[in-house]
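Engineer: just coords:
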């Protein structure tokens, strides 16, 4: 029935250390927790442009995030709705006009970049450049995204404004508003407007 | 004066469990804390474009963030300064040129999109489309933002470069530099450059 | 050998409070930890545009982040590769075409903005405006970034697509893929696509 006084003494002494010990444990656990901060595992990307050059980045980055094990959502809004349209192949084009940084086969003044034929030419050129270097096409990137669980969300407000119907979009697309993007994004470190 | 030996025994035994118990408590508290990570409650948005199409997204997203209870700041820089200018109605326009993704009433070659009259036409068309679908105008979005406490900050450096004066901006605008944006943004999950 | 019963009583009573005390300590430590959340000290920026106006923001914001003590990485991709090209002075231009928000010396219809000579004129005008207001040039911003430890990373995939060679870039540039950006970005509150 008697408690060993040495054990008692130790317990009391350790009790006196408790706060320090607790703080040490707490700091260890917090450091560990910040290393696996859940916000590191989520990405929320807005795809707002409808040209070929700006269709690649949201899909490439979403696939990179998914490959890194992140829960990833892409919110398609404004011109970006074209990327997930069933006719994306026809709708997603690129032109050199207004972008003096676009590489052209021969140097030309800006006025020529507005001439008929420049958009199809630049679109074909960019597609062939990407394909020649082994980069996946928009269709392949969309497939990869869906296979790896990336959520593709069409913005309902801009769908209405631009007159799109739900049936015009590829399979697997969800429909939601800006609030939906915000509730994904507030939980994510990676938030990008493209 | 005598301590109940059973209570003593229990205390000593529980003391032996302390580290496990403490770690359990700590993990519970950390999980709870990450659910209400303060970074989830802040949004920092840069509005850098001065066209009508790119004036909507920062205001719509800022209002969505505020509606979700987030402390929200929008930093207006470069062409984005036009959005909070007193004359925003006249300054914020949109044109189809250089954007093959913009829906036009009739298909036309890019060269025609550069013709006189296209910017006013496209601007009127976009305003009427948005209004027709019940989307708030830029003026209404600015009012809603200010009413819900969204901070509107004009970039002092680009104000100087483009020759703007503080009195040219709408009421309630603050004035600060890029460092100010960074100190909002580093505390926020949602950080967007639009 | 006898343990002071008063001390024993106090230890047992405090032991009974342990969980509350531990939770208080834990909450204090967590609050402190969130104030110095490591994600507040990192910024990951994508520079994707190759025009003069959009070359400033990634460099200005990266320098602002570094000045605030943040570990900062800029990932140059697509047209943004021009910013870190040895010939950036010649490659980084700006034109008014397609941007009705760009201030011009005299009002003009959009078709005129496509005329030969407009890109060099607008580029010279913007450079002189920025210089006249004491804003650092692109070259100076790149130097400042490297001096303050900002990592400049060229996207390998788009280097291949656009036919760039590692030797074409300024000193200090690193080479990596989209996965590299994602591993910086997931640890950072500030993530921007410019």
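Structural biologist: Yes, it's here. Since the structure is predicted, the reported quantities are computational estimates derived from the model, not experimental observations.
Engineer: residue A:82 and residue A:88 touch, don't they?
Structural biologist: Yes. Contact status for residue A:82 versus residue A:88: in contact at 6.2 Å, counting by CB atoms under 8 Å. Placement of C-beta: from N, CA and C, glycine included.
Engineer: those two: which has the busier surroundings?
Structural biologist: Counted by other CB atoms under 10 Å in any protein chain shown, residue A:82 and residue A:88 do not tie: residue A:82 has more neighbours, with 24 against 19.
Engineer: who's in contact with the more buried one?
Structural biologist: A:50, A:55, A:88, A:91-92, B:101 (CB atoms under 8 Å, 6 or more residues apart in numbering or on different chains).
Engineer: following the chain onward from the worst-scoring helix or strand of chain A on mean pLDDT, which element is next?
Structural biologist: Sorting the helices and strands of chain A by mean pLDDT, DSSP states H and E puts helix A:110-113 at the bottom, at a mean of 67. Sequence order places helix A:118-132 as the next helix or strand after helix A:110-113, per DSSP states H and E.
Engineer: what packs against the helix or strand following that next one?
Structural biologist: Per DSSP H and E, the first helix or strand lying C-terminal to helix A:118-132 is helix A:138-147. With contacts taken as 3 or more CB pairs under 8 Å, 6 or more residues apart in numbering or on different chains; DSSP states H and E, helix A:138-147 sits against helix A:52-67, helix A:88-91, strand A:151-155.
Engineer: for chain B, find the nearest of the ones you listed.
Structural biologist: Nearest to chain B among the helices and strands packed on helix A:138-147 is helix A:88-91; the distance by CB to the nearest CB comes to 7.2 Å.
Engineer: where in chain A is pLDDT low?
Structural biologist: Counting by pLDDT under 70, the ranges of chain A that qualify are A:1-3, A:7-18, A:104-112, A:115.
Engineer: rerun at 90
Structural biologist: Along chain A, segments meeting pLDDT under 90 span A:1-27, A:93-126, A:128-130, A:132-135, A:180.
Engineer: closest to chain C out of the helices and strands packed on helix A:138-147?
Structural biologist: The closest of these to chain C is helix A:52-67. By CB to the nearest CB, the value is 4.2 Å.
Engineer: and the contacts of the next helix or strand after the closest one?
Structural biologist: Downstream of helix A:52-67, the next assigned helix or strand under DSSP H and E is strand A:71-76. The contact list for strand A:71-76 (CB under 8 Å, 6+ apart) reads A:41-48, A:58-59, A:62, A:65-66, A:83-84, A:145, A:149-155, A:173, A:176, A:180-181, A:184.
Engineer: if we use 6 Å, what do you get?
Structural biologist: Identification of contacts with strand A:71-76 by CB atoms under 6 Å, 6 or more residues apart in numbering or on different chains yields A:42-47, A:58, A:62, A:65-66, A:83-84, A:150-154, A:181, A:184.
Engineer: out of the residues you listed, which touch chain C?
Structural biologist: When contact is defined as CB under 6 Å from any CB of the partner chain, the contacts of strand A:71-76 meet chain C at residue A:65.
Engineer: any of the contacts of strand A:71-76 buried? List them.
Structural biologist: Among the contacts of strand A:71-76, those scoring as buried are A:42-47, A:58, A:62, A:65-66, A:83-84, A:150-154, A:181, A:184 (criterion: 16 or more other CB atoms under 10 Å in any protein chain shown).
Engineer: and stretch A:149-160 with chain B, contact?
Structural biologist: Yes. On the criterion CB under 6 Å from any CB, stretch A:149-160 is in touch with chain B at residue A:160.
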